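Undergrad: sequence? don't have it. structure:
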């Protein structure tokens, strides 16, 4: 996805959309939504999470806190997703019903994610943000100089999310997304390939 321009495009648009004060909480929420929709915390961290780490670097924010926000959101979404393997396995082994199991998990997951979001908001609003508009402009200019930035570069991400909605297991979905990213790199980033 890096070579195809997908990750650089997510970083490029993310730098323009996300405010440094709200970034940590937004990263947690974004990863939570993606993991909930695809049922995989690892896939979320390896795709959206990588882009969010790049954005945090561009905004001069803590990559460690960003990684914590990514993992918090990804694990929360995975835990309550009806598409998640572990969420399906536990009630199947125990002889319980899936949505009953998810409902009971909410007793621990809602307080945990709520506390995390509050802490990410506090960290975001109290951290000294040294990124200026000129440093963000400089990074976006570098991305534009090295990659063909286009909304079309998000096609591998759209494919991955589509496969997840169609309940394709995580490993084949990620593999297909990676192969499609390679094909996109040939067409959309020919300078990098050559």
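TA: Sure, I can see it. Predicted, not measured: the structure shown is a model, and the values here were computed from it.
Undergrad: Packing partners of the helix or strand residue 104 falls within?
TA: Taking DSSP states H and E as the definition, residue 104 sits inside helix 98-126. Packing partners of helix 98-126 (3 or more CB pairs under 8 Å, 6 or more residues apart in numbering; DSSP states H and E): helix 23-38, helix 63-80, helix 85-94. The way it works is simple: take the backbone N, C-alpha and C, and place the C-beta from them, glycine included.
Undergrad: which one of these lies closest to residue 135?
TA: Residue 135 sits nearest to helix 23-38 of all the helices and strands packed on helix 98-126, at 14.7 Å, using CB to CB.
Undergrad: Could you give the average pLDDT over the helix or strand following the closest one?
TA: Using DSSP H and E, the helix or strand that follows helix 23-38 in sequence is helix 41-58. Averaging pLDDT along helix 41-58 yields 85.
Undergrad: now what about helix 41-58, what contacts it?
TA: 1-2, 7-8, 10-11, 14-15, 18, 23, 27, 30-31, 34-35, 38, 62-63, 65-67, 69-71, 73-75, 77-78, 131, 135-136, 139, 157, 160, 164, 170, 173-174, 177 (CB atoms under 8 Å, 6 or more residues apart in numbering).
Undergrad: And those residues, which of them are buried?
TA: The neighbour-count test (16 or more other CB atoms under 10 Å) applied to the contacts of helix 41-58 identifies 1-2, 7-8, 10-11, 14-15, 18, 23, 27, 30-31, 34-35, 38, 62, 65-67, 69-71, 73-75, 77-78, 131, 136, 139, 157, 160, 164, 170, 173-174, 177 as buried.
Undergrad: follow-up on the earlier one: so which of the helices and strands packed on helix 98-126 comes closest to residue 191?
TA: Between the helices and strands packed on helix 98-126, helix 63-80 lies closest to residue 191; by CB to CB that is 28.2 Å.
Undergrad: which residues touch the closest one?
TA: 23-25, 27-37, 39-42, 44-45, 48-49, 52-53, 55-57, 84, 86-87, 102, 105-106, 109, 112-113, 116, 120, 123, 127.
Undergrad: before we move on, the earlier item: which one of the helices and strands packed on helix 98-126 has the lowest average pLDDT?
TA: Among the helices and strands packed on helix 98-126, helix 85-94 carries the lowest mean pLDDT (a mean of 81).
Undergrad: What are the buried residues along it?
TA: 87, 91.
Undergrad: ok, now stretch 103-119?
TA: 109, 113, 116-117, 119.
Undergrad: Show me the contact partners of that stretch.
TA: So stretch 103-119 is contacted by 25, 28-29, 32, 69, 72-73, 76, 79-80, 87 (CB under 8 Å, 6+ apart).
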